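1. Fold the following, please.
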Amino acid sequence: MTSTCFDNIDWQALSTKLNAIQPVARLVRVTHTLGPHNGNVGFDFLGFHIRQYRVGKYRMRTYRGKPGFKTIIKPGQKAIERHLQQIQDIVRRHRGAPQEALIVALNPVIWGWALYHRTGVAKRVFTESDMRIFEMLIRWARRRHPHKSWGWRYRRYWRKQKGRVSFSDGESTLVRHEDTPIKRHVKVRR
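-> Numbering: from 1, shown residues only. Purely as a prediction, here's the structure:
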């Protein structure tokens, strides 16, 4: 009689452990990064959206003359919306606060989020986020001075610095997403 490695397995205990794993399997989503799979293309991971795009024959990543693909990692849409919602909540909490207090509250949030997402393809997202924040700040200024004109509010809260207009009180200036330099991940070599 021969003995196999399966003779010493407690099949009852193994079955119990596998049944415990099944609820976790419902949380797993299978997707493809290049083509649609069950209506999904790419996936979100740690605030980034990872997806591949096809490129032409004479672009990058061709294999023996066949068209290839490139992988694009961008800030995820849910992460962008969460970030803008957080900024909107800060602006709402500082409705009656002075401009300096609002800038001090917003700068770490903007700077931290931009530093985290600067390794991906984020320049367009940074520009769009700055535009949305500008709209929030316009509403903030309108709420503080409802009977003043737009020109008065603009001269009061926006100053020209370094060749462009910034939300500033003269001493402190609001950080912009687009001021964050994009730095790609550098592969560590031995």
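2. Which stretches in the chain count as strands?
-> Counting by DSSP state E, the chain has these strands, from start to end: 43-45, 48-54, 69-75, 158-161, 164-167.
3. list the contacts for V41?
-> 31-35, 51 (Cβ atoms under 8 Å, 6 or more residues apart in numbering). Quick note: C-beta positions are derived from backbone N, CA and C, even for glycine.
4. what's the nearest residue to the residue nearest to the spatial centre of the chain if we skip its chain neighbours?
-> By Cα atoms, centre = their mean, the mean C-alpha position of the chain lies nearest to P75, the distance being 3.2 Å. Closest residue to P75 apart from its sequence neighbours, by Cβ to Cβ, 6 or more residues apart in numbering: H117 at 4.5 Å.
5. Same check on I72?
-> V121 (5.4 Å).
6. so what pLDDT did V188 get?
-> Note for V188: predicted pLDDT of 75.
7. what's the spacing between it and E81?
-> 33 Å (Cβ to Cβ, to the nearest Å).
8. Let me know which of the strands of the chain is the nearest to T180.
-> Closest of the strands of the chain to T180 is strand 69-75, at 11.9 Å (criterion: Cβ to Cβ).
9. what's the domain layout of the chain?
-> 31-75, 77-179 (automatic domain parsing).
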